[in-house]
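A.B. asks: Show me how the following folds:
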Amino acid sequence: MDLVVAIYRVTATFPKEERYSLVDQLRRAAVSVPSNVAEGHGRSRTGDYLRHLSVSVGSLNEVETQVQIARRLEYITEEDQRQLLDSCNAIAKMLGGLIRSLRRRLESRAGSSENQPRLLTPDS
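C.D. replies: The predicted model follows:
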């Protein structure tokens, strides 16, 4: 959420002509990161959660790209860029760890169901 607040603060200083382009894109992408984590967490299936986390990672990549564009256009300082990209990097590491953990959980569930004895029925 801190990244979202930082993006809103820094984009408030962008030129007015960017209001409906880069400002909107940056803000939407930033909001999408925690929103997709929350939506995925509310799903009942781990696979759904993983899909939403993947969308979060994609949105985070968009934020990184758009921050670099903002710097090249000189809408933000080098220090702003460094802080925002550092935040993105920290979030990317957290998302990566969560994704790896959930994938291991899925794999262990799949492995444990394969090792369960099957009941023989007349149809088997």
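
A.B. asks: where exactly do the helices run in the protein?
C.D. replies: For the chain, the helices defined by DSSP state H occupy 2-11, 22-41, 46-72, 78-114.

A.B. asks: Pick out the shakiest of those, pLDDT-wise.
C.D. replies: Among the helices of the chain, helix 78-114 carries the lowest mean pLDDT, a mean of 91.

A.B. asks: helices and strands around that helix, which ones?
C.D. replies: Applying 3 or more Cβ pairs under 8 Å, 6 or more residues apart in numbering; DSSP states H and E, we find helix 78-114 packed against helix 2-11, helix 46-72. Bear in mind the C-beta positions are built from the backbone N, C-alpha and C, glycine included.

A.B. asks: Please list all residues in contact with the most centrally placed residue in the chain.
C.D. replies: Note on the chain: the residue nearest the mean C-alpha position is Ser56, at 2.2 Å, using Cα atoms, centre = their mean. Counting by Cβ atoms under 8 Å, 6 or more residues apart in numbering, Ser56 makes contact with Ser32, Val33, Pro34, Asn36, Val37, Gly40, Leu95.

A.B. asks: Chain neighbours aside, what residue packs nearest to it?
C.D. replies: Counting by Cβ to Cβ, 6 or more residues apart in numbering, the nearest residue to Ser56 once its immediate chain neighbours are dropped is Asn36, at 4.2 Å.

A.B. asks: From Ser59, how far out is that neighbour?
C.D. replies: Remark: distance between Asn36 and Ser59 (Cβ to Cβ, to the nearest Å) = 7 Å.

A.B. asks: tell me, what's touching these two both at once?
C.D. replies: Taking Cβ under 8 Å, 6+ apart as the criterion, Asn36 and Ser59 do not both touch any residue.
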